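>>> Kindly generate the corresponding structure for this input.
(chains A and B)
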Amino acid sequence: MNDMPMVRFENVSKRYGALTVLDNLNLDIGRGEKVSIIGPSGSGKTTVLRMLMTLEAINDGVLWVDGEPMTHMMQNGKLVPATTKHIRRIRAKIGMVFQSFNLFPHMTAMGNCIEAPITVLGLKRSEAEERAAELLDMVGLSAKKDHYPSQLSGGQQQRVAIARALAMRPKIMLFDEVTSALDPELVGEVLQVIRKIGREHDLTMLMVTHQMGFAKEFSDRVCFFYQGKICEQGSPAEIFGNPKNERTRQFLNAVLEAG
Amino acid sequence: MWDWTFTFEILPVLARAAIMTVEATALGFVIAATLGLVLASIRLAFPVAGVVVTVLVELIRSTPLLIQIFFLYFVLPKAGIVLDAFTAGVAAIGIHYAAYCSEVYRAGFENVPRGQWEASIALNLSPWNTFKDIILPQALPPVVPALGNYLIALFKETPLLSAIAVLELMQTAKNIGSETFRYTEPVTLVGVFFLVMSLVSAGIIRMLESWLQRR
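A predicted model of the protein is given here:
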């Protein structure tokens, strides 16, 4: 199984009525690979993450995670649509951080980080708290563990959200424009944490981002999405230094001029 | 016009009836609040079965409570279900207000941002844990004032139970009136009782509200 990529999109399509958001997507993401997805809004890049997190159903194709189909399951040698139970088992390998944080407002930072480990993984409260404390320490928020989200800055909330996702010990982490809702001076602290995770954990990371500088420095590979398709992909050096596609060039020029 | 001796004479009887009224209110509201939550939750969890609930809720909300009380007390026995007046009355009031409460809960559920559901999926929480630990604690506090208003409304409708001779306040006042031909004191006292209790309840609800907001 280990020769399979960590994530494989196989002929995946997503449509909303007559609108095709993703058109026959084929994309492999290797074990431990860090991939950035860039592109104009409406290009389907966020949908890629949302489908992988099972927040959106796919219309066509198969999604593979860690060598197993997620949207489908094998039955008598044939792929049939997956049951909820199957989806939950595979989904446990994936964690996600959202643009709007989505912390649970009625729980403290600590509470946010232990809810799922206790109820889903079945950890004892003390175990879950110990692990959550380590993670909150890693994101630099030990002192804020008893604070509610409303008492934290955007950057702090997002760091708690990262700790919360890591507490479930995922193999794959998805970052959906995680700095877009932040004030500019708070972007750095969140990117700092993501860098650290990239260094210290053996995680496969997939991120949709508008931070071109970060994508360039952090990722192994950059995919440029345009109108529901991968228009161009390659190493950061290739994409940012020598883009071959006209669309990619236009997009990067526009972004770099603005930024 | 106002006879104080008579007033003090009837006070103990009315006080007993007041307890009956408070009991009917409390039991009725417990039914309304729990059944309402169950109805709203069914709608949330099972959209298909939810259609049945929607029809039921509309049916209950669109017919007068008095008719529903009569239905449970006079019509159900024809189907072999015999309820005493208090049970039938409290059940009718409870079910009637459950329909209203279910709409309140529904608004509360709809108020919880989509992102909360999505974060729950991303953390792989089970549907039950998502509901119990994430959605419900966020949906309930904002609807407490609305539920409180229905508690007071329900309380003020308990005199309808006098129509099936439950010995609550109104029925007792009517009885006193028909025995003594004096209506001024009993009916006024009943009115004052409802006024005081409504004001007190409204105060308690406001306190509960601010306590919930502080959390």
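>>> Now for residue 127, how many residues are close by?
Reading this off chain A. Here the number of neighbours of A:E127 (other Cβ atoms under 10 Å in any protein chain shown) works out to 14. Just so you know, the C-beta spots here come from the backbone N, C-alpha and C atoms, and that holds for glycine as well.
>>> Actually, chain B is the one I wanted.
Using other Cβ under 10 Å, B:P127 has 13 neighbouring residues.
>>> Run a quick check on it versus B:S41, I expect a contact.
No: in terms of Cβ atoms under 8 Å, B:P127 does not count as a neighbour of B:S41; the distance is 11.1 Å.
>>> Quick check: residues of chain B near chain A?
With Cβ under 8 Å from any Cβ of the partner chain as the criterion, chain B comes near chain A at residues B:113, B:115-116, B:118-119, B:121-126, B:129, B:133-134, B:137-138, B:215.
>>> State which helix of chain B is the longest.
For chain B, the helix with the greatest residue count under DSSP state H is helix B:4-45.
>>> Remind me what that helix packs against, helices and strands.
With contacts taken as 3 or more Cβ pairs under 8 Å, 6 or more residues apart in numbering or on different chains; DSSP states H and E, helix B:4-45 sits against helix B:47-61, helix B:85-111, helix B:136-157, helix B:169-180, helix B:184-214.
>>> most tightly surrounded among the ones you listed?
Between the helices and strands packed on helix B:4-45, helix B:85-111 has the highest mean count of neighbours, a mean of 21, where neighbours are mean count of other Cβ atoms under 10 Å in any protein chain shown.
>>> what sits against the closest residue to chain B within the stretch 151-259 of chain A?
Of the stretch 151-259 of chain A, the residue with the smallest distance to chain B, taken as Cβ to the nearest Cβ, is A:M168 at 6.1 Å. If a contact means Cβ atoms under 8 Å, 6 or more residues apart in numbering or on different chains, then A:M168 has A:A92, A:G95, A:A116, A:P117, A:V120, A:L121, B:L123, B:N124 as its contacts.
>>> With adjacent residues omitted, what lies nearest to the fifth one?
The shortest distance from A:V120 to any residue that is not its chain neighbour, by Cβ to Cβ, 6 or more residues apart in numbering or on different chains, is 5.1 Å, and that residue is B:N124.
>>> Over to the third one?
Taking Cβ to Cβ, 6+ apart, and ignoring the residues beside it in sequence, A:A116 has B:L123 as its nearest neighbour in space, at 3.8 Å.
>>> ok, now which ones touch the closest residue to A:R31 other than its chain neighbours?
Spatial nearest neighbour of A:R31, chain neighbours left out: A:M6 (4.8 Å); criterion: Cβ to Cβ, 6+ apart. A:M6 makes contact with A:I29, A:G30, A:R31, A:G32, A:E33, A:V65, A:D66, A:K171, A:I172, A:T204, according to Cβ under 8 Å, 6+ apart.
>>> Show me what stretch A:198-207 is in contact with.
Contacts made with stretch A:198-207 from outside it, assessed by Cβ under 8 Å, 6+ apart, are listed as A:6-7, A:29-37, A:48-49, A:52, A:138, A:166, A:170-176, A:178, A:194, A:197, A:215, A:218-219.
>>> Pull out the buried residues from those.
If you count burial by 16 or more other Cβ atoms under 10 Å in any protein chain shown, the buried members of the contacts of stretch A:198-207 come out as A:6-7, A:29, A:31, A:33-37, A:48-49, A:52, A:138, A:166, A:170-176, A:178, A:194, A:197, A:215, A:218-219.
>>> quick one: low-confidence parts of the chain?
Using chain A. Using pLDDT under 70 as the threshold, the predicted model of chain A has low-confidence ranges A:1-2, A:259.
>>> The intended chain is chain B.
For chain B, the stretches flagged by pLDDT under 70 are B:215.
>>> For it, list the residue farthest from the centre, please.
B:A122 (38.0 Å; Cα atoms, centre = their mean).
>>> Isn't that residue up against A:G95?
Yes: taking Cβ under 8 Å as the definition, B:A122 is a contact partner of A:G95 at 6.6 Å.
>>> Please identify every residue contacting each of those two.
The contact lists of B:A122 and A:G95 share A:A165, where a contact means Cβ under 8 Å, 6+ apart.
>>> Just give me the neighbour total for the residue nearest to A:F240 when sequence neighbours are not counted.
Using Cβ to Cβ, 6+ apart and skipping residues adjacent in sequence, the residue nearest A:F240 is A:K216, 5.0 Å away. Residue neighbour count, defined by other Cβ under 10 Å, stands at 17 for A:K216.
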